[in-house]
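Chemist: Need the 3D shape of this:
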Amino acid sequence: MVDTPAIECTAQWVKNWRDVLLRRWPDLSERARAIDRDEAMRTLLLTYLHNVGVTTLESVVHLFGWEKSRLTMICAELAGNGELLTGVHVKGWPGEYLAWPAFV
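Modeler: Below you'll find the model as predicted:
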């Protein structure tokens, strides 16, 4: 069971963090509008993979709430550019993974 004060505290923290960001960079919202959705997805995915090394497509869908079909197309594009690897098998782990090239 999740404690309601914990949720309220987290929500307040997120609101405060957003306020701090916008005070520091007042034009942040405007600059963010210039980035299209696919570019944002590519950047977030590559940053995430750089940090975790390997992950499943399903985990990324769950984590970011993205459409699997759109993510699959972006992964294919990034794999074609050599920016990530798809279909990676990890010894002792079931299934196929996405991987940061320097990790494998």
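Chemist: In space, what's closest to residue 82 - neighbours in sequence excluded?
Modeler: In this structure, residue 82 finds its nearest non-sequential neighbour in residue 101, 6.7 Å apart by Cβ to Cβ, 6 or more residues apart in numbering. C-beta here means a position set from N, CA and C on the backbone, and glycine is covered the same way.
Chemist: I'd assumed residue 88 was in contact with that neighbour.
Modeler: No. Residue 101 is beyond contact range of residue 88, at 9.8 Å (criterion: Cβ atoms under 8 Å).
Chemist: ok, these two, which is more surrounded?
Modeler: Taking other Cβ atoms under 10 Å, residue 101 and residue 88 do not tie; residue 88 has more neighbours (19 against 12).
Chemist: domains of the protein?
Modeler: Domain assignment of the chain by automatic domain parsing yields the ranges 1-34, 35-104.
Chemist: for this structure, what spans make up the helices?
Modeler: Secondary structure of the chain (DSSP state H): helices located at 4-24, 28-33, 37-52, 57-64, 68-80.
Chemist: quick one: residue 38 and residue 71, what's the gap?
Modeler: Distance of residue 38 to residue 71, given as Cβ to Cβ, to the nearest Å: 10 Å.
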